[in-house]
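**Student:** Sharing a model that was predicted from the sequence below.
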Amino acid sequence: MVLAAADNSIRLSLSWIDYLMLAIYFAVVIGIGFVARRRVKTSMDFFLSGRSMPAWITGLAFVSANLGATEILGMAANGAQIGMSTLHYYLIGAVPAMVFLGLVMMPFYYGSKVRSVPEFMLRRFGKAPHVANSIAFAISNVLIAGINLYAMAIVIEAMLGWPEWTAIIVSGGFVLVYITLGGLSSAIYNEVMQFFVIIAGLIPLTIVGLNRVHGWGGLTKALEHTQGGQMLSTWAGTGIGHTTNPIGANWLAIVLGLGFVLSFGYWTTNFTEVQRAISAKNMSAARRTPLIGAFPKLFIPFIVVIPGLIGAAVLGNQLSATAGTGKLTYNDVIPKLIQMYLPTGVLGIAVTGLLASFMAGMAANVSSFNTVFTYDLWQRYVKRDRSDSYYLTTGRWVTVVGVIIGIATAFIAAGAANIMTYLQTLFSLFNAPLFAVFILGLLWKRMTTPAALWSYLAGIATPFAVYIAYLNNNRLFQSATAETMYGAIISFVTVLVVGVVISMFTKPKPVEELKGFVYGVGKIDLKGDVVAGDTKWYRSPALLGTVALVLCVALYLPFL
């Protein structure tokens, strides 16, 4: 049963009250940029906030940086397309990896005092893998920035009726202003504010939407025959011999592809996220950053996925998996529900929350892009030994370049009907092989520089080949989402095989150069910089991580 829905057009009728809320929000964002600018004295202030941020700030910024287009529009699109299976992206596809980052990876990152994830690659393996990783990261980041920019343009187009290209350029220009002003500090403080604005915008939409479909009971009744009755289940139809679930992947592919390779690859090696933890004031705060972020991450599905389910119930056949058909795409679910359900005043809050999420996502991408390009490429290989002010100025100009490229890649994102699937494709190409290289290098001191380079490149090439094969023959996998999971697994295995084989025929680095970069080689001081309060029991990283994992299991139970 599909409930009656409105037409396919999206045009938000904002009143002066709604526009006033937007104006106040944008004024505050720019104001934060000017205030943060006063604190930017060095390149370290601009790129890493002087490593001075408290854990609760970096923790909220950590999760807010992920609350961009991929989270709001993408996960709602997944909710409408595959239902409660979207929970996998949170309960095994995010939180366990965030816990692993806090407990296992951050001591290596923060203890080594690296300024970026690619710099860790340099210190562990050498120049060639470092260059390859830095370039790959820069490419992937501007592609992802384009996703957030495109999503922001969708909302502006719906509000003002502007052409898509105009909305994209205006949106990019606004993000450029406040990141150029205050660097990472501006991004982080805005991300904290944006977190609360996003929540305030999505909670009313979820409540009103549920009310319109007569509560959870009415929603489940409307969806009980959709997707073979599997829209409200997470693991149904995931048998290896009989895979019928909406994702199109069996439980092994979901656990290994999404829950391990894609998830751990994103959360532990993606500098866009790790940068927030590296900016923390000490080791304890750095470790707690992803653990604090894990708790809101656990409950975000209730204000993102449920609206997606409501969209599936009320829009039904009006949704298309292909752009350009004249129908709504799954990406349009949230803006359409906002148009249908929210009154004046509340509409302004919701639209502000959407724009806040897209700016948070793009700002996170741009701030990490300018750090990696300036520190890892420009300073190390192009213009060495210049003054600190030179690199600060370079970083600001690189920010401009990053936004311009992001504007260009936004038009690539515009061709994807489900931006979450598009993003997963990027992760399988770039994050999966890097995670495999890191794990092998952290656990095996015999891993060599040539092995890291060639296994990483092979790990990028193989999922790309799988993706091209799927485009030419979509019967290879049951869905595009399933292709990303299998592609990630293939990438991970490729790196392990190529890395081990090449390592056996090449010379490893001396053991004394591996201290702090390989598990069991040297010691990492976890308590040397503790401050008052860090030792309190409720701030224990082990306790925070354990509670988060227990909640993952508990939240799965109602939807098995």
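**Tutor:** Happy to help now that I have it. Numbering: from 1, shown residues only.

**Student:** pLDDT-wise, which helix or strand of this protein ranks last?
**Tutor:** When each helix and strand of the chain is scored by mean pLDDT, DSSP states H and E, helix 69 comes last, with a mean of 61.

**Student:** Identify all contacting residues around whichever helix or strand comes after it.
**Tutor:** Downstream of helix 69, the first helix or strand assigned by DSSP states H and E is helix 75-82. Applying CB atoms under 8 Å, 6 or more residues apart in numbering, the set of residues contacting helix 75-82 from outside is 85-86, 89, 227, 231, 245-247, 301, 304-309, 311-312, 315, 319, 321, 329-331, 333-334, 418-420, 481. Where you see a C-beta, it was placed from the backbone N, CA and C, and this is true even at glycine.

**Student:** starting at the chain centroid, how far to the helix or strand following helix 75-82?
**Tutor:** Toward the C-terminal end, the helix or strand that comes next after helix 75-82 (DSSP H and E) is helix 88-91. If you compare the mean C-alpha spot of helix 88-91 with that of the full chain, they lie 13 Å apart, counting by CA atoms, centre = their mean, to the nearest Å.

**Student:** Packing partners of the helix or strand following helix 88-91?
**Tutor:** Scanning forward in sequence from helix 88-91, with DSSP H and E defining helices and strands, the next element found is helix 95-100. Under the contact criterion of 3 or more CB pairs under 8 Å, 6 or more residues apart in numbering; DSSP states H and E, helix 95-100 touches helix 263-269, helix 283-299, helix 541-556.

**Student:** Name the residues that touch helix 95-100?
**Tutor:** Contacts of helix 95-100 with the rest of the structure, by CB under 8 Å, 6+ apart, involve 259, 263-264, 266-268, 290-291, 293-294, 297-298, 545, 548-549, 551-552.

**Student:** same check, this time on stretch 245-253
**Tutor:** Counting contacts by CB under 8 Å, 6+ apart, the residues outside stretch 245-253 that touch it are 81-83, 85, 88, 227, 230-231, 233, 235-240, 243, 254, 257-258, 477-479, 481-482, 485-486, 489.

**Student:** Buried ones among those?
**Tutor:** With burial judged by 16 or more other CB atoms under 10 Å, the buried subset of the contacts of stretch 245-253 is 81-83, 85, 88, 227, 230-231, 233, 235-238, 243, 254, 257-258, 477-479, 481-482, 485-486, 489.

**Student:** Which of the residues you listed fall within helices?
**Tutor:** Judged by DSSP state H, the buried ones among the contacts of stretch 245-253 include 81, 82, 88, 481, 482, 485, 486, 489 as members of helices.

**Student:** What is the nearest of those to residue 499?
**Tutor:** Within those, distances to residue 499 taken as CB to CB reach their minimum at residue 489, with 15.7 Å.

**Student:** In contact with residue 195, which residues are there?
**Tutor:** Neighbours of residue 195 in contact, by CB under 8 Å, 6+ apart: 60, 61, 63, 64, 67, 296, 360.

**Student:** no wait, residue 239
**Tutor:** With contact taken as CB under 8 Å, 6+ apart, residue 239 is in contact with 250, 251.

**Student:** how near is it to residue 290?
**Tutor:** Computed as CB to CB, to the nearest Å, the residue 239 to residue 290 distance reads 33 Å.

**Student:** cool, and residue 389?
**Tutor:** If you measure residue 389 against residue 290 using CB to CB, the figure is 33 Å.

**Student:** what mean pLDDT would you report for the longest helix along the chain?
**Tutor:** Ranked by residue count under DSSP H, the longest helix found in the chain is helix 164-212. Regarding helix 164-212, the rounded mean pLDDT is 78.

**Student:** got the buried residues for stretch 545-560?
**Tutor:** 545, 547, 548, 551, 552, 555, 556, 559.

**Student:** tell me the pLDDT at the last one?
**Tutor:** So the one you mean is residue 559. Each residue has a pLDDT score; the one for residue 559 is 88.

**Student:** What of the third one?
**Tutor:** Looking at residue 548, its pLDDT is 95.

**Student:** was I right about it contacting residue 298?
**Tutor:** Yes: using CB atoms under 8 Å, residue 548 is in contact with residue 298, at 6.9 Å.

**Student:** circling back to that earlier point, mind putting the contacts of residue 195 into JSON lines with neighbour count and distance to residue 103?
**Tutor:** Compiled in JSON lines, the contacts of residue 195 are given as follows (neighbours: other CB atoms under 10 Å; distance: CB to CB, whole Å):
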{"residue": "60", "neighbour count": "22", "distance to residue 103": "20"}
{"residue": "61", "neighbour count": "31", "distance to residue 103": "20"}
{"residue": "63", "neighbour count": "25", "distance to residue 103": "17"}
{"residue": "64", "neighbour count": "31", "distance to residue 103": "22"}
{"residue": "67", "neighbour count": "27", "distance to residue 103": "23"}
{"residue": "296", "neighbour count": "16", "distance to residue 103": "19"}
{"residue": "360", "neighbour count": "32", "distance to residue 103": "26"}
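
**Student:** which among those gets closest to residue 512?
**Tutor:** Distances from the contacts of residue 195 to residue 512 were compared by CB to CB; the smallest belongs to residue 61, at 36.4 Å.

**Student:** Tell me which helix or strand the closest one sits in.
**Tutor:** Following DSSP H and E, the helix or strand that holds residue 61 is helix 55-65.

**Student:** With just CA atoms, put that helix into PDB.
**Tutor:** This file holds the C-alpha atoms of helix 55-65, laid out as PDB (Å, rounded to 0.1, in the frame of the first residue of the first chain):
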ATOM      1  CA  ALA A  55      37.400  16.600  23.300                       C
ATOM      2  CA  TRP A  56      33.800  17.600  23.400                       C
ATOM      3  CA  ILE A  57      34.300  20.200  20.600                       C
ATOM      4  CA  THR A  58      36.400  17.800  18.400                       C
ATOM      5  CA  GLY A  59      33.900  15.000  19.100                       C
ATOM      6  CA  LEU A  60      30.900  16.900  17.900                       C
ATOM      7  CA  ALA A  61      32.900  18.300  15.000                       C
ATOM      8  CA  PHE A  62      33.900  14.800  14.100                       C
ATOM      9  CA  VAL A  63      30.400  13.600  13.700                       C
ATOM     10  CA  SER A  64      29.200  16.900  12.200                       C
ATOM     11  CA  ALA A  65      31.800  16.700   9.500                       C
END
